[in-house]
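Asks: Based on what follows, work out the 3D shape:
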Amino acid sequence: MDDGKNGLVQGIVISPDPSETDPSQIGRTSIDLRLGRWFTLLQQTKTTFIDLAVARDENEFSSREGKTYYVPFGQKFVLHPNRFALASTFEWISLPNDVASYISGKSSLGRMGLIIETAAGIHPGFSGCITLELFNCGEVPIGIYPGMKICQLFFHEVTGKANPKVTSFGGRRKPAFGSYTPDKKLERMIKVGGEGKLF
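Replies: Predicted coordinates for the structure are as follows:
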């Protein structure tokens, strides 16, 4: 974690830099990140179901089925039981091409029923605020506050030549559902319905 200069591995950029604003965020093997101020929820009245076999355009998905809320510092966002929301980290992260990372929830929050992420991997070359997938699996509503320590980030050095993965999730400050495209094998399986040659 520590390169002896600023508390971070060389090439990793975190803004605001916790080594300057709050060194207690930096642990021996991870860095705590804080919750941002934007939250996005699916609107149940507009979303009957999500068909994962149909390609979705990101803008269509967000505008038709998602609603975004801004919560100022000092106010809370209440996540009710069995509800899912997208949020983002307050910090902007930029990884060099030879470092990957993964995000993990804090055990103290997990024991309250708050799940922080379901897609933990962050590829080399990523730059942006990290989207968090929040789910309340507990029995009571949970109040969460922008600025609170919400998750931790672990880093891994990538050996050999790394090719940065270009995705639609980088370069963001607000959480977004994103677009997705089914793979060709899935389309073939659906089309033949279990009959005929699949591969």
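
Asks: In terms of helices and strands, where is the residue lying closest to Ile14 once chain neighbours are set aside?
Replies: In space, not counting the residues next to it along the chain, Ile14 is nearest to Glu91; the distance is 5.2 Å by C-beta to C-beta, 6 or more residues apart in numbering. In this view, the C-beta of every residue, glycine as well, is placed from N, C-alpha and C. Remark: Glu91 resides in strand 84-94, with elements defined by DSSP states H and E.

Asks: what's the angle from the helix or strand just after that strand to strand 84-94?
Replies: Going down the chain from strand 84-94, the next helix or strand is strand 99-105, by DSSP H and E. In terms of direction (axes from the mean of the first three to the mean of the last three C-alpha atoms, to 10 degrees), strand 99-105 departs from strand 84-94 by 150 degrees.

Asks: Can I get strand 99-105 in PDB? Just the C-alpha atoms.
Replies: What follows is strand 99-105, C-alpha atoms only, in PDB (Å, rounded to 0.1, in the frame of the first residue of the first chain):
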ATOM      1  CA  VAL A  99      -2.800  -2.300 -10.800                       C
ATOM      2  CA  ALA A 100      -6.200  -3.900 -10.400                       C
ATOM      3  CA  SER A 101      -8.400  -3.700  -7.300                       C
ATOM      4  CA  TYR A 102     -11.600  -5.000  -5.700                       C
ATOM      5  CA  ILE A 103     -14.100  -3.400  -3.500                       C
ATOM      6  CA  SER A 104     -15.500  -4.900  -0.300                       C
ATOM      7  CA  GLY A 105     -18.100  -4.000   2.200                       C
END
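
Asks: Given it, what are its sheet partners and their directions?
Replies: strand 121-122 (antiparallel), strand 149-157 (antiparallel) (DSSP bridges).

Asks: Just the residues contacting that strand, thanks.
Replies: Outside strand 99-105, the residues within contact range by C-beta atoms under 8 Å, 6 or more residues apart in numbering are 9, 11-12, 30, 33, 93, 95, 114-117, 120-124, 130, 132, 151-158.

Asks: now with 6 Å?
Replies: Identification of contacts with strand 99-105 by C-beta atoms under 6 Å, 6 or more residues apart in numbering yields 116-117, 120-122, 124, 151-156, 158.

Asks: Please check these and keep the buried ones.
Replies: 116-117, 122, 124, 151-155 (16 or more other C-beta atoms under 10 Å).

Asks: Any idea what Ile31 is bridged to?
Replies: Bridge pairing for Ile31 - DSSP bridges - gives Ile26, Leu153.

Asks: cool, the one 4 residues further on as well?
Replies: Leu35 forms beta bridges with Thr89, as assigned by DSSP bridges.

Asks: Show me which positions of stretch 87-97 end up buried.
Replies: Under the neighbour-count criterion of 16+ other C-beta under 10 Å, stretch 87-97 has 87-93, 95-96 buried.
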